[in-house]
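Colleague: from the sequence below, what's the structure:
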Amino acid sequence: MSVTWILVANASHAKLYANHGPKKGLELVKELDHPESREKAANLVSDRNGNYQGSGSYTPPTSPKEHEAEVFAQEVARVLEEGRVNRAYDRLILVASAHFMGLLNQRLSQHVRNLVSDTLEKDYTRLPVKELAGHLQDYVYV
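Modeller: Numbering: from 1, shown residues only. Okay, the predicted model is just below:
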């Protein structure tokens, strides 16, 4: 029997569902939360940007919020890789906000990418399971 994992995520929250076949519904496998991504940027840094003699102000290459989103994308990618290694799924559907989808795609291994059958750039993290299933009916027979 083929198992499809459906990841529904944004920069601060992710839900991983499994579908074990036609008319089997969606089973919540794991929920990940990254509250740091919801923090105000000022709360994520310990001090102001530093000044260097003769070179002007130093600005970090990424904002603190962007950094936290990247950290969370890495965590989600690690969970998907563990599932692949353990053969927990045969097919993967990614549903994520557009920005987070980009961050996640940069961190997925080639092995996991090979299992991705469909991607949707939508933030469905707050939808109830029944409504989510309705949005996924073109991709998996729930």
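
Colleague: so which bits of stretch 119-138 are buried?
Modeller: 119, 120, 123, 124, 125, 127, 132, 133, 136 (16 or more other CB atoms under 10 Å). Heads up, the C-betas are built off the backbone N, CA and C, glycines and all.

Colleague: surely residue 13 touches residue 33?
Modeller: Yes - with contact defined as CB atoms under 8 Å, residue 13 counts as touching residue 33 (5.6 Å).

Colleague: which stretches of the chain form helices?
Modeller: Ranges of helices in the chain, per DSSP state H, are 41-44, 64-85, 98-107, 110-113, 129-136.

Colleague: residue ranges in the chain under the pLDDT threshold?
Modeller: 1, 37-60 (pLDDT under 70).

Colleague: same drill for residue 13 and residue 33, tell me which one is more crowded.
Modeller: Just comparing residue 13 and residue 33: by other CB atoms under 10 Å the higher neighbour count belongs to residue 13, 19 against 12.

Colleague: show me what contacts that one?
Modeller: 31, 32, 33, 34, 125 (CB atoms under 8 Å, 6 or more residues apart in numbering).

Colleague: again, 6 Å this time
Modeller: Contact analysis of residue 13 by CB atoms under 6 Å, 6 or more residues apart in numbering lists 33, 125.

Colleague: from residue 90, how far out is it?
Modeller: 25 Å (CB to CB, to the nearest Å).

Colleague: ignoring the adjacent residues along the chain, who's closest to residue 2?
Modeller: Leaving out its chain neighbours, the residue that sits closest to residue 2 by CB to CB, 6 or more residues apart in numbering is residue 90, at 4.7 Å.

Colleague: whoops, I mixed them up, residue 34
Modeller: Nearest to residue 34 is residue 72, by CB to CB, 6+ apart, at 3.9 Å.

Colleague: is the one you found in contact with residue 35, as I believe?
Modeller: No - the criterion here is CB atoms under 6 Å, and residue 72 misses it with residue 35 at 9.9 Å.

Colleague: of the two, which one has the most company?
Modeller: Each of residue 72 and residue 35 has its neighbours counted (other CB under 10 Å); residue 72 has more, 25 against 10.
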